[in-house]
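J.: all I have is the shape, not the residue letters:
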């Protein structure tokens, strides 16, 4: 194996050549310093990115041809702000192996200097697998196919929900969400038809312009996911996503300031936005199969509060479930959502899924929200809330629920999501699953005696690798 010093020398030589090329054309980043490298072409063979080099993505970079991209702990990959749509796509059949650590997370971020970075500076990280979705081909990923340097990314037609696209562990994506056209932003993390053979653990989205985590179909599971200051939804699931997610943190201190250009932050940020079918090609309409039916457990989702100009029609819910979605939502906390904790839309969602036992919400605590449910006719009523262990405390404050909480964050030390002594979150969780919930959860999601993403006296799993830098 090449020694690190050798890699640095080679990187310096390569950087000198690359900087000369960059100065000749539009969209270059200028001279590239020693210990840095530009990735400006697709990756078609196995490749490793090393922590002693800062890499800059220039344009829509695809890992193709069944190649595996391996990324060492502590590696920094920048999306070039000056090059349209700089982003990384792991295409169908390719893999990414990004195993960071709490001490050395892998960071995808903007190429702009610290203090000048903004949401939407670059595209984001996209993985396309061979899982199942509920839309008929062709289905083109939003934000792609806008020009010759941004080819269409097709993700329909898969048949393997156990597909393996690799590993993401201790990975941050910062200031992503570049808009390739009006209202066509990329997400921080996009998982399109990704299978359950893929590992997602300890991931953070920081200041994305669109959704932080978006799941289009597939069945990939995930644990320990953090979203801070999302431009739209923190967790968005649609098109037949049936994966399992446990230990989720999402925090929106207020509405983000829209940036100039095609990309604008949403005026209806949700903690969770789930759709059974979201788009054309759903031959069964809201009953298209497979319908979205995830298991989402131990979530703490904090909204923007009141008086922030959140859209009066559709915005500001801790979770909005619609268009025939199902799923199981358990042991959560929803606070500071100005339109209500949970919005239930469409008769298919509130009647069919509920009556079939394929939509269930249990043991959720609500604070600083005007209501538990805003439902379509025939949906949940108050007795459902009581029976399901869903409670709302009109006197509780968000700050009082956690050991340390500030609005917005001043630093990583601003948050300790552990329930303090005597907190209502330390108890009231559903410990034993049964029925459809138990079947869907399997052995991946386990019951807990507490509610929210943090256990009383438990490991502070978010500590050491997350960031809350504003720019």
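T.: On my side now, so go ahead. Here the structure is a predicted model, which means the values were calculated and not measured.
J.: now do the strands in the stretch 201-350 of the chain.
T.: Ranges of strands in the stretch 201-350 of the chain, per DSSP state E, counting those that start in this stretch, are 213-216, 222-228, 235-238, 244-251, 272-275, 295-302, 317-322, 327-335, 340-344.
J.: residue 108 contacts residue 177, correct?
T.: No: counting by C-beta atoms under 8 Å, residue 108 does not reach residue 177; the two are 12.0 Å apart. Just so you know, the C-beta spots here come from the backbone N, C-alpha and C atoms, and that holds for glycine as well.
J.: any residues in contact with both of these two?
T.: residue 124 (C-beta atoms under 8 Å, 6 or more residues apart in numbering).
J.: go ahead and flag the most central residue of this structure.
T.: Geometric centre of the chain, nearest residue: residue 213, 1.5 Å, by C-alpha atoms, centre = their mean.
J.: that one reaches residue 194, doesn't it?
T.: No: between residue 213 and residue 194 there is no contact under C-beta under 8 Å: 11.4 Å.
J.: circling back: now, of the strands of the stretch 201-350 of the chain, which is deepest in the fold?
T.: strand 213-216 (a mean of 29; mean count of other C-beta atoms under 10 Å).
J.: tell me which strands and helices that strand is in contact with?
T.: strand 189-192, strand 222-228, strand 235-238 (3 or more C-beta pairs under 8 Å, 6 or more residues apart in numbering; DSSP states H and E).
J.: what lines up beside it in the sheet?
T.: Applying DSSP bridges, strand 213-216 is found paired with strand 189-192 (parallel), strand 235-238 (parallel).
J.: give me the residues contacting that strand.
T.: 133, 141, 155, 187-194, 203, 205, 222, 225, 227, 233-239, 241, 243, 294.
J.: check the burial of the nearest residue to residue 145 once chain neighbours are set aside by counting its neighbours.
T.: Nearest residue to residue 145, sequence neighbours excluded (C-beta to C-beta, 6 or more residues apart in numbering): residue 152, at 3.5 Å. Around residue 152 there are 11 other residues, counting by other C-beta atoms under 10 Å.
J.: sorry, back to before: for the helices and strands packed on strand 213-216, which one sits closest to residue 450?
T.: Ranking the helices and strands packed on strand 213-216 by distance to residue 450, with C-beta to C-beta as the measure, places strand 222-228 first at 15.8 Å.
J.: quick one: average pLDDT of the closest one?
T.: For strand 222-228, mean pLDDT is 98.
J.: so that strand versus strand 244-251, what angle?
T.: Following axes from the mean of the first three to the mean of the last three C-alpha atoms, to 10 degrees, one obtains 20 degrees for the angle between strand 222-228 and strand 244-251.
J.: partner strands of strand 222-228, with direction?
T.: Sheet pairing here is set by DSSP bridges, and for strand 222-228 it gives strand 199-206 (parallel), strand 244-251 (parallel).
J.: quick one: the last one to strand 317-322, angle?
T.: To tie it back to what came earlier, the one meant is strand 244-251. 140 degrees.
J.: now do the first one
T.: Relative orientation of strand 199-206 versus strand 317-322 (the same axes, to 10 degrees): 120 degrees.
J.: low-confidence regions, the stretch 301-450 of the chain specifically.
T.: 307-315, 375-383 (pLDDT under 70).
J.: and the helices in it?
T.: Here the stretch 301-450 of the chain has its helices, by DSSP state H, counting those that start in this stretch, at 347, 354-355, 382-387, 435-441.
J.: of all those helices, which lies closest to residue 306?
T.: When the helices of the stretch 301-450 of the chain are compared by C-beta to C-beta, helix 382-387 sits nearest residue 306, at 21.8 Å.
J.: and residue 38, helix, strand or coil?
T.: Three-state call for residue 38 (DSSP: H, G, I helix; E, B strand; the rest coil): strand.
J.: model confidence for it, exactly?
T.: pLDDT, read off for residue 38, is 98.
J.: same thing with residue 183?
T.: The predicted local confidence for residue 183 is 67.
J.: distance from the chain centre to stretch 38-45, please.
T.: What separates the centre of stretch 38-45 from the centre of its chain is 25 Å, taken as C-alpha atoms, centre = their mean, to the nearest Å.
J.: re earlier: tabulate the strands paired with strand 222-228 in TSV, adding columns for mean pLDDT and distance to residue 417.
T.: Converted to TSV, the strands paired with strand 222-228 look like this (pLDDT from 0 to 100; distance: least, C-beta to C-beta, whole Å):
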stretch	mean pLDDT	distance to residue 417
strand 199-206	99	13
strand 244-251	98	6
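J.: as JSON lines, those with distance to residue 344 would be great.
T.: JSON lines is the format used below for the strands paired with strand 222-228 (distance: least, C-beta to C-beta, whole Å):
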{"stretch": "strand 199-206", "distance to residue 344": "26"}
{"stretch": "strand 244-251", "distance to residue 344": "19"}
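J.: these: which one's closest to residue 288?
T.: Checking the strands paired with strand 222-228 against residue 288 by C-beta to C-beta gives strand 244-251 as the closest, at 21.0 Å.
J.: can you list contacts of that closest one?
T.: Residues contacting strand 244-251 (C-beta under 8 Å, 6+ apart): 212, 221-230, 234-235, 271, 294-302, 409, 415, 417, 440-442, 444-446, 453, 461-462.
J.: right, I'll leave it there.
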